[in-house]
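A.B. asks: Here you go, sequence then predicted model.
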Amino acid sequence: MTTTKKTTNKPIVKLQPNPFQHEILELASKQRSKAKKIEVLQEYRNPALVSIFIMNFDESVISVLPSGPVPYADVDEQTNVGGNLSDMIESKSKSDGMKTTGYYGTEDFAEASAKSSIRNEYQNFYLFCKGGSNAISQVRKETIFINMLKGLHPLEAELMCLVKDKKLQDKYKITKEIVAESYPDIVWGGRS
């Protein structure tokens with residue numbers, strides 16, 4: 001007697017309109033098949049998401065920001081979480097107040113809606129890349145990045161720290177190959 005495995009083709013969970021970028025990446029990452037990951041990325045394509053992928057996977061895009069933890073936090077934050085902004089972001093993204101409920105963001109909607117999002121900030125990403133703007137000093141670029149992180153939802157800030165160091169794939173199961181198949185119009189290389 002042979003048994004056959006019953007396969008079910010579960011529908012992909014739908015996100016609310018204009019989801020956070022980390023929600024899109026989380027949903028795509030949780031899909032088991034490459035085809036489903038591509039389907040999610042195509043359905044939720046937006047300029048901010050494309051910018052994130054280009055910054056992370058295009059080797060010609062070189063960050064002018066120092067790699068590693070973001071080394072600044074306000075005085076009260078330094079004593080509470082360990083001294084740098086990266087620790088604070090990690091702490092807030094894992095805290096009880098930032099638990100995600102399914103794919104729909106935080107339980108504390110008022111806190112989440114008071115934060116900015118990568119969708120509102122992506123047009124300034126060029127400042128953080130080699131060749132982006134020589135008119136702004138390195139210190140100013142780092143200050144702009146830190147201020148952007150502080151204004152973002154903690155999970156969006158964590159995402160930007162990963163992208164800064166080209167480590168998106170360390171958290172999300174999304175490769176350059178999947179992105180290239182999802183968005184064949186992206187031309188890789190020649191950006192610096």
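C.D. replies: It's in. Just so we're clear, the structure is a prediction, and the values are computed from it rather than from any experiment. Numbers count the residues shown, from 1 in each chain.
A.B. asks: Wait, Asn56 touches Cys161, no?
C.D. replies: No: the criterion here is CB atoms under 8 Å, and Asn56 misses it with Cys161 at 11.5 Å. C-beta coordinates here come from the backbone N, C-alpha and C atoms, glycine included.
A.B. asks: which one of these two has more residues nearby?
C.D. replies: Each of Asn56 and Cys161 has its neighbours counted (other CB atoms under 10 Å); Asn56 has more, 22 against 19.
A.B. asks: Please name the residues that touch the more buried one.
C.D. replies: Applying CB atoms under 8 Å, 6 or more residues apart in numbering, we find Asn56 in contact with 162-163, 166-169.
A.B. asks: Dump the residues you listed into TSV; add distance to Asn124, secondary structure and neighbour count as well.
C.D. replies: Converted to TSV, those look like this (distance: CB to CB, whole Å; DSSP: H, G, I helix; E, B strand; the rest coil; neighbours: other CB atoms under 10 Å):
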residue	distance to Asn124	secondary structure	neighbour count
Leu162	18	helix	19
Val163	13	helix	23
Lys166	18	coil	17
Lys167	21	coil	13
Leu168	19	helix	22
Gln169	24	helix	15
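A.B. asks: Tell me where the longest helix sits in the chain.
C.D. replies: As assigned by DSSP state H, the longest helix anywhere in the chain is helix 138-151.
A.B. asks: Go ahead and name everything in contact with that one.
C.D. replies: Taking contacts as CB under 8 Å, 6+ apart, the residues outside helix 138-151 that touch it are 64-66, 70, 72, 85, 89, 115-116, 121, 124, 127-128, 133, 136, 157, 160-161, 164.
A.B. asks: Many thanks, we can stop here.
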